[in-house]
Structure formats: C-alpha cells, structure tokens
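> here's a sequence, model it:
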Amino acid sequence: QVQLVESGGGLVQAGGSLRLSCAVSGRTFSSYAMGWFRQAPGKEREFVAAISRSGSSTYYADSVKGRFTISRDNAKNTVYLQMKSLKPEDTAVYYCAASRYVTTTDPYEYDYWGQGTQVTVSS
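Numbers count the residues shown, from 1 in each chain. Predicted structure coming up:
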C-alpha cells in the first residue's frame, strides 16, 4: 500500500515562502508521476503542479507559474513544492498525489492521495 504524508504547511504573510514536502512509502516511488493539488474552502480541488517519474518534466497551473517549483528526490521518496511570493489567494489545503501511469493535470488520473496540509497566507 502506498502512503503519502504531506508536511510543511503553515501560516505565512503575503510575499513569503514555504516549502511543502510529501513523503511516499514503498520502494517504487520512482515509478510514480507526482502532483500537487489544492482546495480552498467552498471551491473545487485544483491542479497546482506535476512532475514526471524522472523529474525531467514539470507542469504548472498558470496561477502559480514563476512562483512555485515542484521537484523530487527519488532517493528520499519525497516530492517538494517550493512556494515563493505567496498571495492570500494561495490559501488552501494542499495535497500531493501519485499516478501510476501518466504525468497529468487531471486529478482523476491520480491513484493515491495524501491527507493534505493547510497553507494560510495572510494579507
């Protein structure tokens, strides 16, 4: 069974930075494409960023492009989301997810999800 555990969320002022981590259990981490999604109160879950199995390809939502960076360390079974120049509209619960087959922006293509970590950006 694959388990994903996010960490690194918290309260930060607008313009600040946070780095989220997602630790993945199991020996096959490098076989999963990974993604980050977020869900704000009253809104649907939305795509934030994705990274291919090797880390050679990355994808971002337009709303975070240039501010967020997704990366992975296959030796540590961990995927990261570095967030800079945070805005109040980035406030949400952030989830990491693993896909067995594709690197994608579609949440329905992801097979495993973490429990989420809260990010709150104050103005």
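> who's in contact with Gly8?
By C-beta atoms under 8 Å, 6 or more residues apart in numbering, the residues touching Gly8 are Leu18, Arg19, Leu20, Ser21, Thr117. C-beta here means a position set from N, CA and C on the backbone, and glycine is covered the same way.
> mind running it again at 10 Å?
Leu18, Arg19, Leu20, Ser21, Cys22, Tyr80, Leu81, Gln82, Met83, Tyr94, Thr117, Val119 (C-beta atoms under 10 Å, 6 or more residues apart in numbering).
> find the helix or strand that the residue nearest to the second one when sequence neighbours are not counted is a member of.
Right, Arg19. Take Arg19 and drop its neighbours on the chain: the residue closest to it by C-beta to C-beta, 6 or more residues apart in numbering is Gln82, 5.0 Å away. Using DSSP states H and E, Gln82 falls within strand 78-83.
> so how far is that strand from its chain's centroid?
Centroid separation between strand 78-83 and its chain, computed with C-alpha atoms, centre = their mean, to the nearest Å, is 6 Å.
> what's the answer for stretch 98-110, then?
On C-alpha atoms, centre = their mean, the centre of stretch 98-110 falls 12 Å from that of its chain.
> give me the number of residues near the residue lying closest to Gly9 once chain neighbours are set aside?
Leaving aside its chain neighbours, Gly9 sits nearest to Thr117 (3.4 Å; criterion: C-beta to C-beta, 6+ apart). By the criterion of other C-beta atoms under 10 Å, Thr117 has 22 neighbours.
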